[in-house]
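K.L.:
Structure, please.
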Amino acid sequence: MCVDISFHSDIQLTQEAFPGIVINKTQPFSSDFAEQIMAFAFPPCYVIREANDGIEATTMEWGVLPTWIEDKKEQSVRRTSMVNIQSERIFEDKRSTWYRIRKNRILIPVDGIYEHREVKGIKNKIPYFVCYNGSKPFYIPGLYQKIEFADEDGVVQEHNSFGLITRKANDVMSQIHNSGANKNRMPLFVPLDMAKAWISSSVQESEMKEILNYEVPSTDLGYHAVYTLRGGKLRPDGGHKYDPWDWPGLPPLGMNSVQTEMF
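P.N.:
Just a heads-up that it's a prediction; the model follows:
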C-alpha cells in the first residue's frame with residue numbers, strides 16, 4: 001500500500017510537461033506541507049485529467065469516498081482501504097468500484113513516494129524515498145469518483161475523490177516494501193508517454209491494460225533511506241523529509257538482517 005507521497009515541485013514543471021494545461025485549483029493546496037502527503041488524512045492533492053477538450057490540473061481528495069456507507073465513522077474507516085487501487089481489479093473484478101469508474105482517469109504528480117523496509121535487528125522499519133530517475137515530477141495513474149449533491153441552499157455541488165493505482169512490485173520495491181499486509185506492491189510508475197496516454201479520451205481498453213501491466217525497470221528508480229515520517233519528529237540536521245539519512249549498520253537491499261548488538 002502506498003500512503004505517503006511527496007510533491008514539493010513547482011506546478012510550473014507540470015505545465016512544461018503538459019503544454020496548455022489549465023490550473024483549476026478547487027480546494028486549498030499548500031506546497032509548505034507537500035514534503036510528505038499522507039493518504040489517511042484524505043488530503044486535497046493536485047491531479048491531472050482531460051476536461052473540456054483540454055488538460056487541467058485540479059485538486060481532489062485522496063481516498064475514494066464509499067458513498068454506500070451512511071455512518072460517517074464507518075465510512076471514514078472504510079475509506080482508508082480506498083486510497084489505493086489494485087491494478088489487477090480494474091478489469092478483472094467487474095463488481096468493483098474500480099471497474100465502474102475505470103473511465104475516470106487521472107494522473108497524480110509526485111516527486112517521489114515513501115515506503116518502509118523491515119530489517120531484522122532494527123526495532124523500527126526504515127523509511128525510504130523512491131523516485132523516477134531523472135524525472136521531477138513524474139505522474140502516477142489513478143482513478144477518481146465524481147459525486148454530485150445539493151447543499152443546504154439546494155445548489156448542486158461536486159465532490160471528487162481519487163485512488164492511486166498500485167501493482168506487483170519490481171525487484172527493488174519488493175526489497176523495500178518487504179513486510180505488512182500489502183507487502184511486495186508498489187505504485188504504478190510509468191514513463192511520460194504512457195502517463196499522457198492514460199488520461200487521453202481516445203485510449204482503448206487494450207491500451208489501458210498494457211499501461212496497467214507495465215513494470216518499471218529497477219534501474220529506472222532512485223531510492224535512499226530517510227530519517228522519519230511519523231510522529232512529527234524533526235530531523236536533527238534540519239533537512240527535508242526526502243533528503244537521505246545515513247542509518248548506521250543498515251544493510252544494502254537484499255540483506256534483511258543485522259547484528260542486534262549494533263543497535
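
K.L.:
so Leu107 sits right up against Met194, yeah?
P.N.:
No - Leu107 lies out of contact with Met194 (Cβ atoms under 8 Å); the separation is 10.1 Å. No exception for glycine: its C-beta is placed from N, CA and C like everyone else's.

K.L.:
between those two, who's got more neighbours?
P.N.:
Shown here are Leu107 and Met194; by other Cβ atoms under 10 Å, Leu107 has more neighbours (28 against 19).

K.L.:
Sticking with the residue nearest to the spatial centre of the chain, tell me its helix or strand.
P.N.:
Centroid-nearest residue in the chain: Leu164, 4.9 Å away (criterion: Cα atoms, centre = their mean). With elements taken from DSSP states H and E, the one containing Leu164 is strand 156-168.

K.L.:
In the stretch 101-250 of the chain, what residue spans correspond to helices?
P.N.:
Assigned by DSSP state H, counting those that start in this stretch, the stretch 101-250 of the chain shows helices spanning 171-176, 192-198, 205-212.

K.L.:
now these as TSV including mean pLDDT?
P.N.:
Below are these laid out as TSV (pLDDT from 0 to 100):
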stretch	mean pLDDT
helix 171-176	97
helix 192-198	97
helix 205-212	98
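
K.L.:
Among the ones you listed, show me which one is buried the most.
P.N.:
Using mean count of other Cβ atoms under 10 Å, the stretch among the helices of the stretch 101-250 of the chain with the greatest mean number of neighbours is helix 171-176 (a mean of 20).

K.L.:
same for it, what does it pack against?
P.N.:
strand 112-117, strand 126-132, strand 185-187, strand 221-225 (3 or more Cβ pairs under 8 Å, 6 or more residues apart in numbering; DSSP states H and E).

K.L.:
can you list the ones you listed in TSV and add mean neighbour count and mean pLDDT?
P.N.:
What follows is the helices and strands packed on helix 171-176, written out as TSV (neighbours: other Cβ atoms under 10 Å; pLDDT from 0 to 100):
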stretch	mean neighbour count	mean pLDDT
strand 112-117	22	97
strand 126-132	22	97
strand 185-187	23	98
strand 221-225	17	97
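
K.L.:
and Asn170, which of those strands is closest to it?
P.N.:
Nearest to Asn170, of all the helices and strands packed on helix 171-176, is strand 185-187, at 6.7 Å by Cβ to Cβ.

K.L.:
Determine the set of other helices and strands touching the closest one.
P.N.:
strand 156-168, helix 171-176.

K.L.:
Now distance to Ile48 too, for the ones you listed, in TSV please.
P.N.:
Below are these laid out as TSV (distance: least, Cβ to Cβ, whole Å):
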stretch	distance to Ile48
strand 156-168	11
helix 171-176	23
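
K.L.:
The ones you listed: which one's closest to Asn213?
P.N.:
Among the helices and strands packed on strand 185-187, strand 156-168 sits nearest to Asn213 (Cβ to Cβ), with 7.9 Å.

K.L.:
just the angle between that closest one and helix 205-212, please?
P.N.:
Counting by axes from the mean of the first three to the mean of the last three Cα atoms, to 10 degrees, strand 156-168 points 60 degrees away from the direction of helix 205-212.

K.L.:
all strands for this protein, in order.
P.N.:
For the chain, the strands defined by DSSP state E occupy 4-6, 22-24, 37-38, 44-51, 54-62, 84-86, 105-110, 112-117, 126-132, 138-150, 156-168, 185-187, 221-225.

K.L.:
Relative to the first one, what are the paired strands and their orientations?
P.N.:
Counting by DSSP bridges, the strands paired with strand 4-6 are strand 37-38 (antiparallel), strand 112-117 (antiparallel).

K.L.:
Let me know the average pLDDT across the first one.
P.N.:
With pLDDT averaged residue by residue, strand 37-38 scores 94.

K.L.:
hmm, back to that, what's the strand holding Leu164 packed up against?
P.N.:
strand 54-62, strand 84-86, strand 105-110, strand 138-150, strand 185-187.

K.L.:
can you do 7 Å?
P.N.:
strand 54-62, strand 84-86, strand 138-150, strand 185-187 (3 or more Cβ pairs under 7 Å, 6 or more residues apart in numbering; DSSP states H and E).
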